[in-house]
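K.L.:
Next come a sequence and a model predicted from it.
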Amino acid sequence: MSSENAAGNEDVEPAGDRWEDRPVWDVVVVGAGPAGASAAYAAAVAGRKVLLVEKAELPRYKTCGGGIIGPSRDSLPPGFDLPLRDRVHAVTFTLNGKLARTRRARSMLFGLVNRPEFDNALVEAAVKAGAEVRTGVAVSRVEQHGPAVPDRRTVAVVPAGEDEPVLARAVIGADGSASRIGAHVGVKMEQVDLGLEAEIPVPDSVAEDWAGRALVDWGPLPGSYGWVFPKGDTLTVGVISARGDGAATKRYLDDFIGRLGLAGFEPRISSGHLTRCRADDSPLSRGRVLVAGDAAGLLEPWTREGISFALRSGRLAGEWAVRIAEAHDAVDARRQALNYAFAVKAGLGVEMGVGRRLLRIFARRPGLFHAALTGFRPAWNVFARFTRGATSLAEVVRVHPVARRVLDTFDRREAARDGSEAAEDVREGAVAAAQQGAEQDDRADGAGERPSQGRDEPGGESARRPSA
């Protein structure tokens, strides 16, 4: 039996009057981030009895850039009032602080939020849909058999320091990348990265300079990049790189902040966290327990974007948890859990597969990505359409034969060739893309896009420094 089919031991059914007065929730969700709140909303709006538990008091800070791309906006509850701090219409790209160029668009590329405000608003939406929320509740474990479980249809959620468990027909683990529920399910992580971030208050003159414009810097460490996201009077500045050399990642952040001219401003918050991507064969369920978001290792491996993956997987988990709660035996519960896993893998899993391939190329030749996005209009058009939610990485590869050929060529030859030969393969693919797809892509995607002029062009003022 595969790990996806592992249903736990649900054949223990102790009898006794002591269970008769204990309430049983249809769905218990552990963790009140975007995945958990989205799951609670989806289950509650279906009319089920839902409990959302969170170990912290809300609102609470989370290390996160707070970028809300199109797929995130599309996954929000109907009528949700997105608490945007800024709307990004331009992106400055740099290659380890050099070769700066800004690309601009007439319509918004993506929005920016403060996570405490955003997460709290999602929880409030779940409450309005009928979910109950309990904060300050740290879950130590879940049990699907044994003396804490009254019957084969019930899961016991055991809070830390408490004797009495919370009982549910289905449980969703959305308790972050160090998830206890994920450990119960047996989630396996393949990629672990270290993100460092500073929330830097700045004077009005600096804030105005950054308003509506983000910065992305392709970093000096393999697979690394940095970002600046403007949020009113605060700039969110961060970097991310593969875990293993925390000192080098910290130096990258310090150098990055210094190059931007922000070293003289005292950060309001400095924080770090680990992001984790699941292995392809990692389980998403065990018995009546599902995992979603970071707890399942669901995020895009190249950009490490996780909010849209959390919202989408959370919604799916909430919908399938309702079906699991209705299941009267282990076979039916297992079937519904497998349906959830299939839905995640068919959508988010495919996108993660493309992201892994892109990360392998990016880690070896970040300059190619910089050249494409700053000098190749169709590549910028794809970036803009992706951030707006008009396409996905998987869709780009599926629809555009040249993009697929570039990835396939690199996959075939990267093991046999050194870095310079692999780069030449990708350059050849880029030339073919320019010859075969530029005219079509410009007509389809480029009507609203325009590169910046003047000082943002190579050799202009912003080519020497990323801030205006």
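P.N.:
Sure thing, it's come through. Numbers count the residues shown, from 1 in each chain.

K.L.:
Now do the contacts for residue 349.
P.N.:
residue 280 (CB atoms under 8 Å, 6 or more residues apart in numbering). Where C-beta positions appear, they are placed from N, C-alpha and C, glycine not excepted.

K.L.:
again, but for the one 10 residues further on
P.N.:
Residues counted as contacts of residue 359 (CB under 8 Å, 6+ apart) are 191, 223, 301, 302.

K.L.:
which secondary structure element contains it?
P.N.:
With the criterion set as DSSP states H and E, the secondary-structure element containing residue 359 is helix 350-364.

K.L.:
tell me which strands and helices the following helix or strand past that helix is in contact with?
P.N.:
Once helix 350-364 ends, the next helix or strand along the chain (criterion: DSSP H and E) is helix 366-375. With contacts taken as 3 or more CB pairs under 8 Å, 6 or more residues apart in numbering; DSSP states H and E, helix 366-375 sits against strand 90-95, strand 98-105, strand 213-218, helix 350-364, helix 377-388, helix 419-445.

K.L.:
gap between helix 366-375 and the chain center?
P.N.:
Centre-to-centre, helix 366-375 and its host chain are 23 Å apart (CA atoms, centre = their mean, to the nearest Å).

K.L.:
now the angle from that helix to strand 90-95?
P.N.:
Between the direction of helix 366-375 and that of strand 90-95, the angle (axes from the mean of the first three to the mean of the last three CA atoms, to 10 degrees) works out to 150 degrees.

K.L.:
How are the helices of this structure distributed by residue range?
P.N.:
Across the chain, reading from the start of the chain, the helices by DSSP state H fall at 34-45, 70-74, 115-129, 180-185, 204-210, 246-259, 307-326, 330-344, 350-364, 366-375, 377-388, 393-399, 401-413, 419-445.

K.L.:
What's the mean pLDDT across the shortest one?
P.N.:
pLDDT averaged over helix 70-74 equals 96, rounded to a whole number.

K.L.:
mind saving the C-alpha coords of that helix as PDB?
P.N.:
What follows is helix 70-74, C-alpha atoms only, in PDB (Å, rounded to 0.1, in the frame of the first residue of the first chain):
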ATOM      1  CA  GLY A  70      -3.300  36.700  -9.700                       C
ATOM      2  CA  PRO A  71      -3.800  33.100  -8.500                       C
ATOM      3  CA  SER A  72      -4.000  34.300  -4.900                       C
ATOM      4  CA  ARG A  73      -6.600  37.000  -5.700                       C
ATOM      5  CA  ASP A  74      -8.600  34.400  -7.700                       C
END
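
K.L.:
List the buried residues for that helix?
P.N.:
Applying a neighbour-count criterion of 16 or more other CB atoms under 10 Å, one finds 70, 71, 72, 73 buried in helix 70-74.

K.L.:
One more: stretch 340-347?
P.N.:
Using 16+ other CB under 10 Å as the burial criterion, the residues of stretch 340-347 that qualify are 340, 341, 343, 344, 347.

K.L.:
got a markdown table for those residues, with distance to residue 93 and pLDDT too?
P.N.:
What follows is the buried residues of stretch 340-347, written out as a markdown table (distance: CB to CB, whole Å; pLDDT from 0 to 100):
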| residue | distance to residue 93 | pLDDT |
| --- | --- | --- |
| 340 | 38 | 98 |
| 341 | 37 | 98 |
| 343 | 35 | 97 |
| 344 | 32 | 98 |
| 347 | 29 | 95 |
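
K.L.:
Show me which of the residues you listed is closest to residue 99.
P.N.:
For residue 99, the nearest member of those is residue 347. The distance, counting by CB to CB, is 35.4 Å.

K.L.:
just to revisit the earlier point, dump the buried residues of helix 70-74 to TSV, plus distance to residue 196.
P.N.:
Putting those into TSV (distance: CB to CB, whole Å) gives the following:
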residue	distance to residue 196
70	27
71	25
72	23
73	27
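
K.L.:
Could you list the low-pLDDT ranges of the stretch 351-468 of the chain?
P.N.:
Counting by pLDDT under 70, the ranges of the stretch 351-468 of the chain that qualify are 402, 413-468.

K.L.:
now what about stretch 111-120, what contacts it?
P.N.:
Stretch 111-120 is contacted from outside by 32-34, 37, 58-62, 64-68, 73, 82-88, 214, 229-231, 236, using CB under 8 Å, 6+ apart.

K.L.:
tell me the contacts of the residue nearest to the spatial centre of the chain?
P.N.:
The chain has residue 306 as the residue nearest its centroid, 0.6 Å off, counting by CA atoms, centre = their mean. Contacts for residue 306 were tallied using CB under 8 Å, 6+ apart; they are 64, 275, 293, 294, 298, 299, 300.

K.L.:
mind listing what the fourth one touches?
P.N.:
The reference is to residue 294. Neighbour list for residue 294: 33, 35, 174, 176, 177, 179, 275, 276, 306, 310 [criterion: CB under 8 Å, 6+ apart].

K.L.:
measure residue 316 to residue 280 for me?
P.N.:
Residue 316 sits 18 Å away from residue 280 when distances are taken as CB to CB, to the nearest Å.

K.L.:
Neighbour count: these two, which is higher?
P.N.:
Looking at residue 316 and residue 280 with other CB atoms under 10 Å, you find the greater number of neighbours at residue 316, namely 25 against 11.

K.L.:
give the contact list for that one.
P.N.:
If a contact means CB under 8 Å, 6+ apart, then residue 316 has 42, 292, 340, 343, 344 as its contacts.

K.L.:
Relative to residue 269, how far out is it?
P.N.:
32 Å.

K.L.:
before we move on, the earlier item: among the helices of the chain, single out whichever gets nearest to residue 141.
P.N.:
With distances scored as CB to CB, the stretch of the helices of the chain nearest to residue 141 is helix 180-185 (6.3 Å).

K.L.:
Same question for the closest one: list its buried residues.
P.N.:
Within helix 180-185, the residues that qualify as buried are 180, 181, 182, 184, 185, counting by 16+ other CB under 10 Å.
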